[in-house]
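Peer 1: pasted the sequence and its predicted model underneath.
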Amino acid sequence: MYDQQAFQQSLQLIAEAVQGEKEDQIFYDYLITKAPTKEHKEIITSIRNDEIRHNKLFKEMYKNLTGHDVVLKKEEEFKPPATFKEGIKNAMFGELKAMEKYRVIRQGLPYRYYRDIVFGILTDELKHADLYNFINTEIYAGSINENADTLEKTPDEWIRYTEFLVNEGLKDLKRGINSTHVLQEFILMGVLVGKGYSPEKAFETVEEWEKTGKSKLLQQSKSMRP
């Protein structure tokens, strides 16, 4: 059922989502420049290209729904993170905030065509979280991995390798589980994959932590309202 208030909120959040485009570009360029390996540079470049496409999609969506272009605010001066590690951490938290915002946007849109576009963007954000998690795990583990083959994967191969986890995350979102909990699980699973677990084994392990109460924080976040 169409909800005018929810629709207006979606439009407001779309307008917010496309702000800071230039600052985001500088941030990604910074990460690419500071990335310690060619593989990390390729991963971040692929994420940056996705984000540019998302920004364009949201601008077009706003124009189609309102008849007006988004009014862009004056951007703040970019302040680079102290380290590459801090930049990756900031990027991971940025994915969490974006998922929360996009979920609300999708719920308030009156047309399935646009909801499907936003769902596709949400799917990309889950993939980005997985890729950032891979980089983060390598940073903290010193690139040590029991499964040496995974270290040679390209960004696209990593996406295909972890497709099972992405699909499980999307199922949870469709079931109405809040995105904070989904991303917490997803990041934990990504850490385990980085340590050499298969995606399926990582999924089983994190689910067991939640069900048995080994992770009280996971149980708490799952009970939060979406």
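Peer 2: Here it is on my side, so go on.
Peer 1: which secondary structure element is home to Thr33?
Peer 2: helix 21-34 (DSSP states H and E).
Peer 1: meant to ask about Ile187, not that
Peer 2: Using DSSP H and E, Ile187 falls in helix 179-194.
Peer 1: tell me the buried residues in that helix?
Peer 2: 179-194 (16 or more other Cβ atoms under 10 Å). All C-beta spots, glycine's among them, are computed from the backbone N, C-alpha and C.
Peer 1: I figured Lys101 was touching Gln12, is that so?
Peer 2: No. Applying Cβ atoms under 8 Å as the test, Lys101 and Gln12 come out as separate, 10.2 Å apart.
Peer 1: more crowded one of the two?
Peer 2: Lys101 (17 against 13; other Cβ atoms under 10 Å).
Peer 1: which residues does the more buried one contact?
Peer 2: Shown in contact with Lys101 (Cβ atoms under 8 Å, 6 or more residues apart in numbering): Leu13, Glu16, Ala17.
Peer 1: gap between the last one and Glu163?
Peer 2: Distance from Ala17 to Glu163, counting by Cβ to Cβ, to the nearest Å: 26 Å.
Peer 1: quick one: which of those two has more around it?
Peer 2: Ala17 (23 against 13).
Peer 1: nearest residue to the more buried one in space, please, no chain neighbours.
Peer 2: Closest residue to Ala17 apart from its sequence neighbours, by Cβ to Cβ, 6 or more residues apart in numbering: Phe58 at 5.3 Å.
Peer 1: so that neighbour, which state does it fall into?
Peer 2: Three-state assignment for Phe58 (DSSP: H, G, I helix; E, B strand; the rest coil): helix.
Peer 1: count of neighbours near it?
Peer 2: 22.
Peer 1: next up, phi/psi of Glu76, please.
Peer 2: Per-residue torsions, Glu76: phi -80, psi 160 (degrees, to the nearest 10).
Peer 1: please read the previous query as pertaining to Asn178.
Peer 2: Dihedral angles (degrees, to the nearest 10) for Asn178: phi -60, psi 150.
Peer 1: over to Leu72?
Peer 2: Here Leu72 shows phi and psi, under degrees, to the nearest 10, equal to phi -90, psi 130.
Peer 1: with the one 10 residues further on instead?
Peer 2: The phi/psi pair for Ala82 (degrees, to the nearest 10) reads phi -60, psi -40.
Peer 1: where's it relative to Leu131, distance?
Peer 2: 22 Å.
Peer 1: comparing these two, which residue is more hemmed in?
Peer 2: Leu131 (24 against 8).
Peer 1: what mean pLDDT does the helix or strand hosting that one have?
Peer 2: Per DSSP H and E: Leu131 is located in helix 112-141. Mean pLDDT, computed over helix 112-141, is 88.
Peer 1: the closest residue to Gly20 other than its chain neighbours in helix, strand or coil?
Peer 2: The shortest distance from Gly20 to any non-neighbouring residue, by Cβ to Cβ, 6+ apart, is to Glu75 (5.8 Å). Three-state assignment for Glu75 (three-state DSSP): coil.
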